[in-house]
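Student: For reference, the sequence and a predicted model appear below.
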Amino acid sequence: VYSPDSNTLAVKVGYPFDETETEHDGNIWFFDVDNLEKIQHTKTMKVYCAGKGIKYNPKGNTILIRMYKDRNTTEKKLELWDAKIMQYITTLCMDSDKYEYSPDGKIIVLAKDSKVYLLDAETGKEKMSFDVNYKERIDKVMASNNSNNVAIIFGDKTLQIWDISKIWDERLSGKDKIPI
């Protein structure tokens, strides 16, 4: 996956956990696109990356990496890293593949079970969460360009759009939350 400025390319190397695993399998390597040289970071990225689990923040300052918890499990976790120096920031959630950065790069929208979390895209700290109270599983979550609304698509193809500012105001006033 390319960084938003297209100067860095992040590549998952090999397939961790198979019979032919090498010391590099499961790593994420970063390349300078101009000269195609591998960028050396102080921290080795032996992360056992899961699937297409690399996403850059649109601002380019953080990166989400979905990875296996360790070499001996199929359990996955989602971690937030500083994209410039490849330094671990925090673990956001265990085993969720429903997550996106908002287009403005301010928040991460993450769904786990029937709950949606809005996280600060630089620190990973929870800003808000809410239960969607719907019978079907969440298939996808996404934020609007200005991060004021969150769209949630469910397994039965139902679409809900939540007004985040309304939820925030209702939380402060003690009223119930209702999707728009």
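Tutor: It's in. Numbers count the residues shown, from 1 in each chain.

Student: C-alpha from now on. contacts and neighbour counts both.
Tutor: Fine.

Student: quick one, helices of the protein?
Tutor: With helices called from DSSP state H, the chain shows them at 164-173.

Student: Could you list the low-pLDDT ranges of this structure?
Tutor: Per-residue confidence for the chain (pLDDT under 70) gives these ranges: 13-27, 40-52, 68-75, 94-95, 171-180.

Student: Name the nearest residue to residue 93, sequence neighbours excluded.
Tutor: residue 78 (5.5 Å; Cα to Cα, 6 or more residues apart in numbering).

Student: wait, isn't that neighbour in contact with residue 89?
Tutor: No - Residue 78 is not in contact with residue 89 according to Cα atoms under 8 Å; the separation is 11.2 Å.

Student: Have a look at the two and say which one is more surrounded.
Tutor: Using other Cα atoms under 10 Å, the more surrounded residue of residue 78 and residue 89 is residue 78, with 24 against 15.

Student: give the contact list for the more buried one.
Tutor: The neighbours of residue 78, taking Cα atoms under 8 Å, 6 or more residues apart in numbering as the test, are 64-67, 91-96.

Student: Of those residues, which is the nearest to residue 165?
Tutor: Of all these, residue 92 has the smallest distance to residue 165: 22.8 Å, by Cα to Cα.

Student: With residue 108 as the reference, measure out to the closest one.
Tutor: Taking Cα to Cα, to the nearest Å as the criterion, residue 92 is separated from residue 108 by 10 Å.

Student: what sits against residue 38?
Tutor: Taking Cα under 8 Å, 6+ apart, we find residue 38 in contact with 29-32.

Student: Go again with 6 Å.
Tutor: Contact partners of residue 38, counting by Cα atoms under 6 Å, 6 or more residues apart in numbering, are 30-31.

Student: Also residue 30?
Tutor: Residues counted as contacts of residue 30 (Cα under 6 Å, 6+ apart) are 9-10, 38-39.

Student: Quick one: those residues as a markdown table, columns for distance to residue 132 too.
Tutor: What follows is the contacts of residue 30, written out as a markdown table (distance: Cα to Cα, whole Å):
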| residue | distance to residue 132 |
| --- | --- |
| 9 | 36 |
| 10 | 34 |
| 38 | 43 |
| 39 | 42 |
